[in-house]
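S.K.: here you go, sequence then predicted model.
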Amino acid sequence: MPGGRLTQHERRQIALGLADSLAYAEIARRLDRPTSTITREVMRNGGPTAYRADLAHHATAHRAHRRRPTATPRVIASTPAPGRDAQAVAEYAETLTTVLMASGLPRMTARVLTCLYTTDAGSLTAAELARDLRVSPASISKAIAFLEGLSLVRRERDDRRRDRYVVDDELFYQSTLAGARANDQLVATARQGVAILGPDTPAAARLESIARFLTFISESMVRAAEQARTILHTRP
């Protein structure tokens, strides 16, 4: 399998593959590269709909020129269980982290969430997260606070009175409700603007349309979450 940075020709092949709606894994197979390499490349350079080979090549060269010559910390999942391919698990962890970052999470927050998602226990202490990710406890604390604010992790005390950070199926439901509540805040603010700007003005009409749209989305999210909640507790 070739190593090193992607060439400009490979980036053009990636762009052609995306245009043909090929999966990242298929593009990676054709280029004899890890799927995680292709995923990171695309997500760092505009995503699947905005990826441009030449722009990506120049952007990568610019980043390499600015970057100091220090080792980049590798994304590490928790110690793989016996029988698992450690290299494949590590590559998957990098891929998941990249996708979580593309969804809007900061890098360290995405690394912490990946570490929690890929441990069979479904929970880790701050010390275990710091060890697995090779970062400071302060970095873990900041990332956990961000995730708790999004209802993506839950804090529990174990029998040794240590805080454990948990990801479980119910958190997906709670996170969806949190998103709906965030929409409700926007709806209230938009309607406040309608009252201030005057109901017969174009600006107020625009805000009222936003409020009605977000109300529909929020109500649909809550309904869908309630209907789908049983899926989270049903094993295939």
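M.R.: Received, thanks.
S.K.: in this structure, which spans are strands?
M.R.: 123-125, 154-157, 163-166 (DSSP state E).
S.K.: show me the shaky parts of the protein.
M.R.: 1-3, 62-82, 236 (pLDDT under 70).
S.K.: re the thing from before, dump the strands of the chain to JSON lines, plus distance to residue 106 and mean neighbour count.
M.R.: To be clear about C-beta, it is placed using only N, CA and C from the backbone, and glycine gets the same treatment. Shown next, in JSON lines, are the strands of the chain (distance: least, Cβ to Cβ, whole Å; neighbours: other Cβ atoms under 10 Å):
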{"stretch": "strand 123-125", "distance to residue 106": "19", "mean neighbour count": "19"}
{"stretch": "strand 154-157", "distance to residue 106": "19", "mean neighbour count": "12"}
{"stretch": "strand 163-166", "distance to residue 106": "16", "mean neighbour count": "18"}
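S.K.: where exactly do the helices run in the protein?
M.R.: Using DSSP state H, the helices of the chain run over 8-19, 24-31, 35-44, 53-66, 86-102, 107-117, 126-133, 137-149, 169-197, 202-232.
S.K.: looking at those helices, which is nearest to residue 159?
M.R.: helix 126-133 (15.4 Å; Cβ to Cβ).
S.K.: CA atoms only: put that closest one into PDB for me.
M.R.: Provided in PDB are the C-alpha atoms of helix 126-133 (Å, rounded to 0.1, in the frame of the first residue of the first chain):
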ATOM      1  CA  ALA A 126     -11.100  11.300  32.600                       C
ATOM      2  CA  ALA A 127      -7.800   9.600  33.400                       C
ATOM      3  CA  GLU A 128      -8.600   6.800  31.000                       C
ATOM      4  CA  LEU A 129      -9.500   9.200  28.200                       C
ATOM      5  CA  ALA A 130      -6.300  11.300  28.800                       C
ATOM      6  CA  ARG A 131      -4.300   8.100  28.700                       C
ATOM      7  CA  ASP A 132      -5.900   6.700  25.500                       C
ATOM      8  CA  LEU A 133      -5.700  10.100  23.700                       C
END
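S.K.: show me what it is packed against.
M.R.: helix 107-117, helix 137-149, strand 163-166 (3 or more Cβ pairs under 8 Å, 6 or more residues apart in numbering; DSSP states H and E).
S.K.: in this structure, which residue is closest to the centre?
M.R.: Residue closest to the mean C-alpha point of the chain, counted by Cα atoms, centre = their mean, is residue 100 at 1.3 Å.
S.K.: residue contacts, that residue?
M.R.: 109, 110, 113, 114 (Cβ atoms under 8 Å, 6 or more residues apart in numbering).
S.K.: switch to 6 Å and redo it
M.R.: By Cβ atoms under 6 Å, 6 or more residues apart in numbering, residue 100 lies in contact with 110, 113.
S.K.: and for residue 194?
M.R.: 204, 207, 208.
S.K.: among those, who's most crowded?
M.R.: Within those, neighbour counts (other Cβ atoms under 10 Å) peak at residue 207, which reaches 21 neighbours.
S.K.: now do the contacts for that residue.
M.R.: So residue 207 contacts 190, 193, 194 (Cβ under 6 Å, 6+ apart).
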